[in-house]
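Participant: Coordinates only, no sequence provided:
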C-alpha cells in the first residue's frame, strides 16, 4: 500500500494505533509486543445508542496484554450531546492508567446536518458536562483538518479545553504546530502484526516532557 508518511521511531518514539470493529479479531498480545505500538485508542460508541461490536472484547484483551488503552466516541451532529454522553457512560469502563476520553469530530460518516459553530459548541459542551463526573480528565478531540478549520480554528474558547488529535495522512503537520496538536494520525492504511488488514497509525508530539505531563499512562510504558 502507498503511504505518504512514515515517521521514524527516533523522531516520534511514541506511536500507536486506533481500531474499531473494522479490524476484526485482534491478537493483542502480538500487537503489544511491537515497539511501534505503545498505545491503542478503540471505538466504543457512536451517537446516542450505537456501541461498537468489538469494543468490550478489545478493551478487555488489550488491557490483559498490558496495552495502554483509550476509548473514543464518534459524535453525530443529529443527536443531543447529553444523549451521546449517556451512551459513553453506559459503555466505557472507568479504570486507572487509561487515556482521556476522545471525541471523534468529522464530517465523513456523519449525518447530513451541518451545524453552526455555536450549535456545535453547545452540543459538545453538553456532552462533556455530562461526562465530567466520571471522566474529569481533559479530553482529546480527534479532528480532520477540514473540521478544525471550520469549527475550532479561532473558536477554541467556545469548546472545552482539550488535547488535539489531528488527522493528516498526506503530509506531516507543520512542526511549529506541534504546540497545538498532541497526536498526529499519519496513516489510515498501516500494517501491524496481529491485525489483519489496514489500521490507522498515530504518533505523539515528540516531547518527552509532554508525554509525562499530558499522558502519564503512555509515558510510563
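Facilitator: Looks like it came in fine. Just so it is clear, the model here is predicted, and its values are computed rather than measured.
Participant: Pretty sure residue 74 sits against residue 104.
Facilitator: Yes: the criterion here is Cβ atoms under 8 Å, and residue 74 meets it with residue 104 at 4.6 Å. Yep, even glycine has a C-beta here, placed from its N, CA and C like the rest.
Participant: quick one: the helices in this structure?
Facilitator: 28-32, 55-64, 81-89, 117-131, 145-147, 208-214, 216-219 (DSSP state H).
Participant: If we go by neighbour counts, what in the third one is buried?
Facilitator: Along helix 81-89, the positions that meet the burial threshold by neighbour count (16 or more other Cβ atoms under 10 Å) are 81, 83, 84, 85, 86, 87, 88.
Participant: try stretch 188-195
Facilitator: Result for stretch 188-195 [16+ other Cβ under 10 Å]: buried residues 190, 192, 194, 195.
Participant: ok, now which ones touch residue 144?
Facilitator: By Cβ atoms under 8 Å, 6 or more residues apart in numbering, the contact list for residue 144 reads 106, 107, 108, 167.
Participant: same question, residue 122
Facilitator: So residue 122 contacts residue 81 (Cβ under 8 Å, 6+ apart).
Participant: still on that earlier bit, narrow the contacts of residue 144 to just the buried residues.
Facilitator: residue 167.
Participant: any chance of the contacts of residue 144 in TSV, with distance to residue 153 too?
Facilitator: What follows is the contacts of residue 144, written out as TSV (distance: Cβ to Cβ, whole Å):
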residue	distance to residue 153
106	15
107	15
108	19
167	15
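Participant: Quick check: which of the contacts of residue 144 has the minimum pLDDT.
Facilitator: Note: of these, the lowest pLDDT belongs to residue 108, at 83.
Participant: can you pull the pLDDT of the closest residue to that residue other than its chain neighbours?
Facilitator: In this structure, residue 108 finds its nearest non-sequential neighbour in residue 144, 7.5 Å apart by Cβ to Cβ, 6 or more residues apart in numbering. At residue 144, the predicted lDDT confidence score is 91.
Participant: cool, and residue 212?
Facilitator: Residue 212 carries a pLDDT value of 61.
Participant: all strands of this structure, in order?
Facilitator: 15-19, 39-46, 50-51, 68-74, 102-105, 140-144, 163-167, 183-190, 199-204 (DSSP state E).
Participant: Tabulate these in CSV, adding columns for distance to residue 61.
Facilitator: Formatted as CSV, these follow (distance: least, Cβ to Cβ, whole Å):
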stretch, distance to residue 61
strand 15-19, 11
strand 39-46, 10
strand 50-51, 17
strand 68-74, 10
strand 102-105, 20
strand 140-144, 22
strand 163-167, 23
strand 183-190, 20
strand 199-204, 16
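Participant: Which among these is found nearest to residue 117?
Facilitator: Nearest to residue 117 among the strands of the chain is strand 102-105 (12.2 Å), distances taken as Cβ to Cβ.
Participant: before we move on, the earlier item: between the helices of the chain, which gets nearest to residue 97?
Facilitator: Across the helices of the chain, closest to residue 97 is helix 216-219 (Cβ to Cβ), at 4.7 Å.
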